[in-house]
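**Student:** need a structure here:
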Amino acid sequence: MNIQEESTPLIKQQHVVLKVNDKDKQHSHDHKHHASSGSPPSSPKLTPTTGRRMGSLDAVRGITIFGMILVDNQGGPDVIWPLKETEWNGLSTADLIFPSFLFICGFSVALALKNSKNDIKTWANIIRRTFLLFFIQCFLNLMAHHFVFDSFRIMGVLQRIAICYFLSCMSFLCFPVFLQRLFLIATSTVYLGLMYGWNVPGCGKGQLTPSCNAGSYIDNKVFGPNMIHPNDPEGLLSTLMAFVTTWMGVEFGRIFTTYYKKYNYSQFDIIARWMILVILFIVPAIGLGATVLPFNKLIWSFSFALFTVGAGGALILVAYIVVDVVEWGPKVRKAVDISIQPFVWIGMNPITIYSFMVFIEIIFMFYLNVGSVSLWTAIYEKMYLSWLKNGYLASTVFSLGWFVFFDLIAYIMHRNKIFIKL
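**Tutor:** Numbers count the residues shown, from 1 in each chain. Prediction:
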């Protein structure tokens, strides 16, 4: 399994499948009408995922990478609020982008492993992909530090994805459903006990400042200088709660892949259950975040984890309805397809585009210079800030320019059917 499987390779292919399904649905309706002696037909059922791909999954994955590109490629310090990550306590739309990607990764695990055997071949693929994800980001981090091993950062975005992916696969393949959820509760309990209940040496119990919290203390002991100080945003303890976000993506995916068959769910049943789960996570998250447990992405606070599950669920819910469920008219259908296509291109090669983005950032920021400034800064100041004048506008347009560039790369790969799987 990789984070791209069970997605739509081509939007046109998805439409062919939907048209076939429409015909099949009509034949099925006629058959039921004759066989049921006048009883009303049941609500339409989902077709098996083995013969039908979920087009919205690629679009959502691409939207999250789009968000990462905008947030990570600002030209200067003036950043508009939706794209500005919270420095400590608080919540912005930028804070939800990476968690939503993790949620979609979990959703993909449920789709890809639903029929997999717990055997050596499956585990060989899982371990290989986990290692590659971890290694790619480690190499990029090392490159950013000019290959000085003493100070390069060990953790990072892809490392967190690798750990959450591995834990999700392990739980999905090795445990029955009851133990999977017990493992999730145990993981949350360990995090809560350490982050809020541990008397951290030199800090005390329940201290939640950048330099004084359980996660920062553990990371300093494990990684020493090989981390972002004083608090690594992808630290070990916070990764436990990031796994919670990822695993709930698995639960949402299981409703789509397994329960519809087991309990004869209709599309409406799936949407209703997703909607209920979204509400059940977002409402208490807001209550906790506004009172005793503030939202905090850098330590992935409990309230933040709950909210990201609701946000990720809402994102896949809306995309599923718009792309896969609603039978739009021809003109609207065409407009929807055109509007999501740029995100689908990126969504088909998300890790490749993300890794290439980080590589370009490193080269332009740390290896190429124009006079006394980096090439990155020179491009921003000469090509954007010099004529746009306003720093917020210039920085936003600069990041959009990078999105167009990376989306063009994704389009070329898509057009040539290049889908790089780890």
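**Student:** give me the phi and psi angles of the residue nearest in space to the middle of the chain.
**Tutor:** Centroid-nearest residue in the chain: Phe101, 0.4 Å away (criterion: Cα atoms, centre = their mean). With angles defined as degrees, to the nearest 10, Phe101 sits at phi -70, psi -40.
**Student:** Gly62 is in contact with that one, correct?
**Tutor:** No - counting by Cβ atoms under 8 Å, Gly62 is not a contact partner of Phe101; they are 10.3 Å apart. Using the backbone N, CA and C atoms, a C-beta is placed for each residue, glycine as well.
**Student:** what touches both of these two?
**Tutor:** Applying Cβ atoms under 8 Å, 6 or more residues apart in numbering, one finds that Phe101 and Gly62 are jointly contacted by Pro350.
**Student:** about what we covered before: for the residue nearest to the centre of the chain, give its distance to Val344.
**Tutor:** Look at Phe101 and Val344: by Cβ to Cβ, to the nearest Å, they are 15 Å apart.
**Student:** got the contact list for the residue nearest to the centre of the chain?
**Tutor:** Neighbouring residues of Phe101 by Cβ under 8 Å, 6+ apart: Arg61, Thr64, Ile65, Met68, Ile161, Pro350.
**Student:** ChimeraX command for the buried members of those?
**Tutor:** The following ChimeraX line selects those of the contacts of Phe101 that are buried, judged by 16 or more other Cβ atoms under 10 Å:
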select :61,64,65,68,161,350
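**Student:** looking at the contacts of Phe101, which are in helices?
**Tutor:** The helices, defined by DSSP state H, take in Arg61, Thr64, Ile65, Met68, Ile161, Pro350 from these.
**Student:** do I have it right that the last one meets Gly62?
**Tutor:** Yes - taking contact to mean Cβ under 8 Å, the distance of 7.2 Å between Pro350 and Gly62 places them in contact.
**Student:** count of residues packed around the closest residue in space to His414 that isn't next to it in sequence?
**Tutor:** The shortest distance from His414 to any non-neighbouring residue, by Cβ to Cβ, 6 or more residues apart in numbering, is to Trp345 (4.6 Å). Using other Cβ atoms under 10 Å, the number of residues around Trp345 comes to 23.
**Student:** now stretch 292-306, how far from the centre of its chain.
**Tutor:** Its chain's average C-alpha position is 17 Å from that of stretch 292-306, according to Cα atoms, centre = their mean, to the nearest Å.
**Student:** from one end of it to the other, what's the distance?
**Tutor:** Stretch 292-306 has an end-to-end distance of 14 Å (Cα to Cα, to the nearest Å).
**Student:** can you pull the buried residues of it?
**Tutor:** Within stretch 292-306, the residues that count as buried by 16+ other Cβ under 10 Å are 293-306.
**Student:** these: which two are farthest apart?
**Tutor:** Greatest spatial distance among the buried residues of stretch 292-306 (Cβ to Cβ): Leu298 and Leu306, at 16.4 Å.
**Student:** wait, Ile316 touches Ser108, no?
**Tutor:** No - assessed by Cβ under 8 Å, Ile316 is found out of contact with Ser108, at 10.7 Å.
**Student:** can you list residues touching both of those two?
**Tutor:** Residues touching both Ile316 and Ser108 by Cβ under 8 Å, 6+ apart: Leu57.
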